[in-house]
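Undergrad: Sequence first, then the predicted structure:
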Amino acid sequence: MRLELTHEQNEKLEKLKALKSHTHNVESLLMQLIEKELKSYENAQRKSSKSNKNTEFGAARSKNPRQISKRLRNHVLNTANYKCQYPGCESRHFLQIDHIHPVRRGGDQRRSNLQVLCANHNRHKG
Ligand SMILES: [Zn+2]
């Protein structure tokens, strides 16, 4: 491998060689730099493909009828006065948004299909 370096480039290379004193020749120094560059490039690639997956995942999640938006959740809690809506129960603890018609049986996340239940009654309902 032959390199045509300007005086300035050569000086920089010499400086780098001095910094990496354990590196004995230009070739291995260059290999180190190349590997470092490749690694950071691969990492960047991996990161961007990861974030792509995240957006796909996020889009898929928002179509999930189990997913209730924060706004809707707050609205449901608010109209229920932050109390369990199970008859005779007024628990204000561990409140959960329940799908009256369960999602697995085709229920959706429309306001009319949502109610507030405490964890206890939500569990009873199954
Ligand atoms: Zn309850």
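TA: Perfect, I can see it now.
Undergrad: what does the protein have sitting close to the ion?
TA: C84, Y86, C89, S91, C118, H121 (C-beta under 5 Å from the ion). (C-beta placed from N, C-alpha, C; glycine too.)
Undergrad: immediately after the helix or strand containing L29, which helix or strand?
TA: In this assignment (DSSP states H and E), L29 forms part of helix 26-63. Using DSSP H and E, the helix or strand that follows helix 26-63 in sequence is helix 70-79.
Undergrad: Can you list the buried residues in that following helix?
TA: Buried residues in helix 70-79, counted by 16 or more other C-beta atoms under 10 Å: R73, V76, L77.
Undergrad: Which SSE is immediately downstream of that helix?
TA: strand 95-99.
Undergrad: So what are the sheet partners of that following strand and their directions?
TA: Sheet pairing here is set by DSSP bridges, and for strand 95-99 it gives strand 114-118 (antiparallel).
Undergrad: and the gap between the nearest residue to G107 once chain neighbours are set aside and the ion?
TA: Using C-beta to C-beta, 6 or more residues apart in numbering and skipping the chain neighbours, the partner closest in space to G107 is H101 (3.4 Å). Applying C-beta to the ion, to the nearest Å, the value for H101 to the ion is 19 Å.
Undergrad: need the residues of the chain next to the ion in JSON lines with neighbour count and pLDDT, can you?
TA: Shown next, in JSON lines, are the residues of the chain next to the ion (neighbours: other C-beta atoms under 10 Å; pLDDT from 0 to 100):
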{"residue": "C84", "neighbour count": "24", "pLDDT": "97"}
{"residue": "Y86", "neighbour count": "18", "pLDDT": "95"}
{"residue": "C89", "neighbour count": "12", "pLDDT": "96"}
{"residue": "S91", "neighbour count": "16", "pLDDT": "96"}
{"residue": "C118", "neighbour count": "21", "pLDDT": "96"}
{"residue": "H121", "neighbour count": "21", "pLDDT": "95"}
